[in-house]
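In: predicted model, plus sequence, below.
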Amino acid sequence: MRLAASAKPFVARGSGGGRCEGCRLVASHCVCALRPQAHTRSGVCLIMGDIEALKPSNTGWLVADIVADTYAFGWSRTAVDPGLLALLADPQWQPYLVFPGEFVSPERVVTDIPHTGSTPEAHGRKPLFVLLDGTWSEARKMFRKSPYLDALPVLSLQPEDVVSHYRLRRSSRETHFCTSEVAALCLALAGEVQAAHALANWLDVFTTHYLSAKRGTPLDRTSAAHRELDALREVNCQDAEQGPAHRL
Ligand SMILES: [Zn+2]
C-alpha cells in the first residue's frame, strides 16, 4: 500500500508487539501462508477519516494485499494531500467515488462501469475506486467537505443483498470490516471476478483468524473460505508454471 507520509509513523509503531509484519495478526494466528495472489488492473484509493484508524484490524490492509495499486490518504477538512490530487488527475485512472447514489443528483450516479479491457468507453483508463474509509458519519462529512471529489462520478453499489449488508454495517463500529467487502464488489463490477473472489475469501479467513485471536476461541482452519483460498492458490500455481512470476 502506498501511504501518505503522515501515515508512516503509525504503521511502524503498529508492526511491533508480537504481531506478524506480513498480516498484522498475532504470530499464532498468522494468515500469510494463505494469502492469495491476484492480478488487478483496477486501483483503490482509500481516504481515511482518521489515519490512526489504519490499525491492524483495518481491512484496508487486505485490499492492499490483493490490489497492487492501493493508495491511502488521511483526510482533513482544512487541507488536501497534493499526492491525492495528483492521483485523481492522473490520466491513467478513471476515478469513481463509491458512495450511495441517493445523496447526489442522478446525473452523477453510475451503477456500472466498463469492464477492464473494453477500452472505447473508458478511453483506456483503468478504474480507480475511491473509498471513504471511516464511520458512516465520517464518510458523510468527507463526502460533503471535499470539493475535489465533487466532479467525480459516483459509483452507487446496486445488488440488493450487498447494499443491505453494507448498510447494516456502515453505521456500526464494525465499519472497517466493510472496506474490503466494498472493494471486492467494485472489482467484480470491473470484471475482475477472480480478484474479487480472492479478496472476499481473504477477508473471510482474516476475520476468522482475527476474531479467534481476539476472543481466544478455537480457530477453524478448514472453513469454506479456507478451502476457497486453497483452490485459488492451486490455480495460481498452475499459472505460475506456464507464465511469468506473479507480481506482488
Ligand atoms: Zn502473517
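Out: That came through fine. Residues are numbered from 1 along each chain as shown.
In: contacts, neighbours, all on C-alpha from now
Out: OK.
In: how about the contacts made by Leu85?
Out: By CA atoms under 8 Å, 6 or more residues apart in numbering, the residues touching Leu85 are Tyr148.
In: meant to ask about Ala139
Out: Gly49, Leu132, Asp133.
In: which of those residues lies closest to Arg144?
Out: Leu132 (11.4 Å; CA to CA).
In: check contacts around the closest one.
Out: Here Leu132 is in contact with Leu46, Ile47, Met48, Gly49, Val98, Ala139, Met142, Phe143 (CA under 8 Å, 6+ apart).
In: may I have the beta-bridge partners of the fifth one?
Out: Partner residues in beta bridges with Val98: Leu131, Leu155, with DSSP bridges as the criterion.
In: follow-up on the earlier one: need the contacts of Leu132 in JSON lines with pLDDT, secondary structure and distance to Glu181, can you?
Out: Below are those laid out as JSON lines (pLDDT from 0 to 100; DSSP: H, G, I helix; E, B strand; the rest coil; distance: CA to CA, whole Å):
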{"residue": "Leu46", "pLDDT": "93", "secondary structure": "strand", "distance to Glu181": "13"}
{"residue": "Ile47", "pLDDT": "93", "secondary structure": "strand", "distance to Glu181": "16"}
{"residue": "Met48", "pLDDT": "89", "secondary structure": "strand", "distance to Glu181": "16"}
{"residue": "Gly49", "pLDDT": "83", "secondary structure": "coil", "distance to Glu181": "18"}
{"residue": "Val98", "pLDDT": "94", "secondary structure": "strand", "distance to Glu181": "12"}
{"residue": "Ala139", "pLDDT": "89", "secondary structure": "helix", "distance to Glu181": "16"}
{"residue": "Met142", "pLDDT": "94", "secondary structure": "helix", "distance to Glu181": "20"}
{"residue": "Phe143", "pLDDT": "95", "secondary structure": "helix", "distance to Glu181": "20"}
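In: tell me which parts of this structure are close to the ion?
Out: Cys20, Gly22, Cys23, Cys30, Val31, Cys32 (CA under 5 Å from the ion).
In: run through the neighbouring helices and strands of the helix or strand harbouring Lys214.
Out: Using DSSP states H and E, Lys214 maps to helix 193-215. Counting contacts by 3 or more CA pairs under 8 Å, 6 or more residues apart in numbering; DSSP states H and E, helix 193-215 is packed against helix 60-66, helix 179-189, helix 224-242.
In: at 6 Å instead, please
Out: helix 179-189 (3 or more CA pairs under 6 Å, 6 or more residues apart in numbering; DSSP states H and E).
In: would you mark the buried spots in the helix it packs on?
Out: If you call a residue buried by 16 or more other CA atoms under 10 Å, then helix 179-189 has these buried ones: Thr179, Ser180, Glu181, Val182, Ala183, Ala184, Leu185, Cys186, Leu187, Ala188, Leu189.
In: nearest to Val154 among those?
Out: So of these, ranked by how close each gets to Val154 (CA to CA), first place is Cys186, at 12.2 Å.
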